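Trainee: Fold the following for me, if possible:
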Amino acid sequence: MAGAPSHLELFDNKPVLAKYDGSLPPAELIKDYRAAFINPNSTLMGPKFKFARYGQSGAELSELLPHLSTAVDDVAIVKSMVTTAFNHAPAQIMMSTGSQQFGKPSLGAWTLYGLGSESQNLPGFVVFSTGAKGPSGGSANWGSGFLPTVHQGVQLRTSGDPVLYLSNPPGVDDRLQRESLDVINALNRRQLDVMGDPEIATRINSFEMAYRMQASAPEAMNLADEPEHILKMYGAEPGKPSFANTCLLARRLVERGVRFVEIFHEAWDQHGYLVPDIKRNCEVTDQPSAALVKDLKQRGLLDETLVIWGGEFGRTPMVQGDPNDAGAGRDHHPNAFTMWLAGGGVKGGVTLGESDDFGFNVTRDAVNVRDLHATILHLLGFDHARLSFKFQGLEQRLTGVEPARVVHEILA
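Mentor: Next comes the predicted model:
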């Protein structure tokens with residue numbers, strides 16, 4: 001959910017914040033606080049939507065999430081996320097790679113490096129992008145960094161050819177393409193024998209994968225194969241690019257052995273017009289997100305498939321803009337935000353952590369980005385301290401050298 005959803009409108013109900021709507025924040029709360037765009041001493045703005053409790057777990061959710069509320073007992077909600085980055089590109093790259101700096105492998109690349117792919121005809125790591133634009137951090141979010149580039153994410157499109165130039169041009173038939181590819185690969189293998197450069201092997205693999213994808217990718221991406229009740233469940237429409245379509249495609253790709261699927265929906269940066277824009281975002285994303293969890297469960301795939309939902313940080317309890325104007329919004333906020341996880345060894349119906357009465361600072365069970373990564377790797381079968389790659393004389397890890405803990409409270 002690139003752009004950072006407001007936890008205060010979706011997951012973290014704050015009646016006290018509502019009570020003090022229009023008041024200045026306590027001085028001790030904002031002491032030494034650095035905001036991205038606003039004066040920290042801006043007035044507080046209460047939550048804009050109602051909350052209620054759902055499921056046997058009694059998890060508290062916003063009225064903007066009616067579909068997630070029906071799957072909440074299969075979800076672990078972490079209301080105590082923290083990060084050290086408060087601008088989009090560095091925060092997204094940190095969430096994806098464990099570092100604010102470019103050049104580090106993404107979580108998907110580490111996963112592919114550690115587990116490999118179960119598919120011979122599709123990339124092991126697939127990326128989709130929906131919303132008004134791509135993520136602020138760009139392709140660094142799915143890059144391979146210092147790992148061999150065979151592990152980087154492959155961006156697929158949701159209309160037309162899944163990958164540009166996947167179809168042969170006029171005058172090129174299958175035989176000509178195969179013969180041409182054989183010659184190119186022979187030359188590359190000869191160069192590989194001489195140079196020993198693993199990137200040449202990656203190039204050979206990429207050519208062969210592209211050739212196989214010409215048959216496999218169109219079939220995998222054809223939502224017209226899905227029953228009408230499944231399309232309705234997601235809100236998907238074949239041939240019309242949407243977040244719903246990508247969620248359904250994610251399930252289809254997982255069924256076909258793709259190891260890691262990532263969807264970036266860059267639409268959540270509500271500095272202004274918070275109320276209409278976050279409502280619109282939830283109308284687009286809530287139904288398909290919940291449908292993915294339900295669909296995986298009914299197919300017996302949820303136990304072995306980990307679903308993660310979240311943005312790069314939260315939003316301030318202080319208003320940005322005129323609080324009396326319909327264009328009011330919230331600024332970036334790294335001190336507290338919410339994510340949820342489901343399946344793959346996660347305990348459903350759990351809510352972990354809490355923030356203070358204003359949703360400003362985490363007060364219990366803080367989970368930083370390194371902890372989240374350590375937990376994800378644990379669920380995938382790794383010890384985060386042992387999954388490493390030697391680069392520039394160091395054993396590099398996704399979680400780096402600072403302490404990181406597995407969040408056992410959300411494990412089944």
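Trainee: Enumerate the positions of stretch 137-152 that are buried.
Mentor: With burial defined by 16 or more other CB atoms under 10 Å, the residues of stretch 137-152 counted as buried are Gly137, Ala140, Asn141, Trp142, Gly143, Ser144, Gly145, Leu147, Pro148, Val150, His151, Gln152. (C-beta placed from N, C-alpha, C; glycine too.)
Trainee: again, but for stretch 236-245
Mentor: In stretch 236-245, counting by 16+ other CB under 10 Å, buried: Ala236, Ser242, Phe243, Ala244, Asn245.
Trainee: Equivalent analysis for stretch 220-229, please.
Mentor: Buried residues in stretch 220-229, counted by 16+ other CB under 10 Å: Ala220, Met221, Leu223, Glu226.
Trainee: Check stretch 295-313 too.
Mentor: Result for stretch 295-313 [16+ other CB under 10 Å]: buried residues 295-297, 302, 305-313.
Trainee: cool, stretch 403-412 as well?
Mentor: Applying 16+ other CB under 10 Å to stretch 403-412 flags Ala404, Val406, Val407, Ile410 as buried.
Trainee: Could you list the buried residues of stretch 45-57?
Mentor: Within stretch 45-57, the residues scored as buried using 16+ other CB under 10 Å are Met45, Gly46, Pro47, Lys48, Phe49, Phe51, Tyr54, Gly55, Ser57.
Trainee: ok so, going back, JSON lines for the buried residues of stretch 403-412, including secondary structure, distance to Leu8 and pLDDT?
Mentor: Formatted as JSON lines, the buried residues of stretch 403-412 follow (DSSP: H, G, I helix; E, B strand; the rest coil; distance: CB to CB, whole Å; pLDDT from 0 to 100):
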{"residue": "Ala404", "secondary structure": "coil", "distance to Leu8": "27", "pLDDT": "97"}
{"residue": "Val406", "secondary structure": "coil", "distance to Leu8": "28", "pLDDT": "98"}
{"residue": "Val407", "secondary structure": "coil", "distance to Leu8": "22", "pLDDT": "98"}
{"residue": "Ile410", "secondary structure": "helix", "distance to Leu8": "22", "pLDDT": "98"}
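Trainee: The residues you listed into TSV, with extra columns for distance to Val369?
Mentor: Output for the buried residues of stretch 403-412, formatted as TSV (distance: CB to CB, whole Å):
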residue	distance to Val369
Ala404	9
Val406	14
Val407	12
Ile410	15
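Trainee: Please name the nearest non-neighbouring residue to Ser42.
Mentor: Spatially, and ignoring its direct neighbours in sequence, Ser42 is nearest to Met318 (4.2 Å; CB to CB, 6 or more residues apart in numbering).
Trainee: Touching, Ala91 and Glu312? I think so.
Mentor: Yes: look at Ala91 against Glu312 with CB atoms under 8 Å: they come within range, at 3.7 Å.
Trainee: okay, now Gln214: neighbour count?
Mentor: By other CB atoms under 10 Å, the residues close to Gln214 number 17.
Trainee: got it, and Gly345?
Mentor: Using other CB under 10 Å, Gly345 is surrounded by 16 other residues.
Trainee: Now do the contacts for the residue lying closest to it once chain neighbours are set aside.
Mentor: Closest residue to Gly345 apart from its sequence neighbours, by CB to CB, 6+ apart: Leu379 at 4.6 Å. Going by CB atoms under 8 Å, 6 or more residues apart in numbering, Leu379 touches Leu306, Gly344, Gly345, Val346, Leu411.
Trainee: how about a cut-off of 7 Å?
Mentor: Leu379 makes contact with Leu306, Gly344, Gly345, Val346 under the criterion CB atoms under 7 Å, 6 or more residues apart in numbering.
Trainee: Lys133: which of these is nearest?
Mentor: Lowest distance from Lys133 to the contacts of Leu379 (CB to CB) belongs to Leu306, with 26.9 Å.
Trainee: mind pulling up the phi and psi values for the closest one?
Mentor: With angles defined as degrees, to the nearest 10, Leu306 sits at phi -90, psi 120.
Trainee: what about the strands in the stretch 51-200 of the chain?
Mentor: In the stretch 51-200 of the chain, the strands defined using DSSP state E, counting those that start in this stretch lie at 51-54, 59-62, 75-82, 125-131, 154-155.
Trainee: Pick the most buried one from those strands.
Mentor: Each of the strands of the stretch 51-200 of the chain was scored by mean neighbour count; the highest is strand 75-82, a mean of 25, by mean count of other CB atoms under 10 Å.
Trainee: residues making contact with that one?
Mentor: Residues from elsewhere that reach strand 75-82 (CB under 7 Å, 6+ apart): 11-12, 59, 293, 334-342, 346-348, 350-355, 362, 364-368, 410.
Trainee: Can I get that strand in CSV, CA atoms only?
Mentor: C-alpha atoms of strand 75-82 as CSV (Å, rounded to 0.1, in the frame of the first residue of the first chain):
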residue,chain,number,x,y,z
VAL,A,75,-5.5,-12.2,10.1
ALA,A,76,-2.8,-11.0,12.6
ILE,A,77,-2.9,-7.2,13.0
VAL,A,78,0.3,-5.5,14.2
LYS,A,79,-0.6,-2.0,15.5
SER,A,80,2.9,-1.3,16.8
MET,A,81,5.0,-0.9,13.6
VAL,A,82,7.8,1.6,13.7
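Trainee: List the strands paired with that strand, with their directions.
Mentor: Note on strand 75-82: by DSSP bridges, its sheet partners are strand 337-342 (antiparallel), strand 350-352 (parallel), strand 367-368 (parallel).
Trainee: Send me the longest one as CSV with only the CA atoms.
Mentor: Think strand 337-342. C-alpha atoms of strand 337-342 as CSV (Å, rounded to 0.1, in the frame of the first residue of the first chain):
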residue,chain,number,x,y,z
PHE,A,337,1.6,2.4,12.0
THR,A,338,-0.3,-0.8,11.3
MET,A,339,0.3,-3.8,9.1
TRP,A,340,-1.5,-7.2,8.9
LEU,A,341,-0.4,-10.7,8.0
ALA,A,342,-2.3,-13.9,7.2
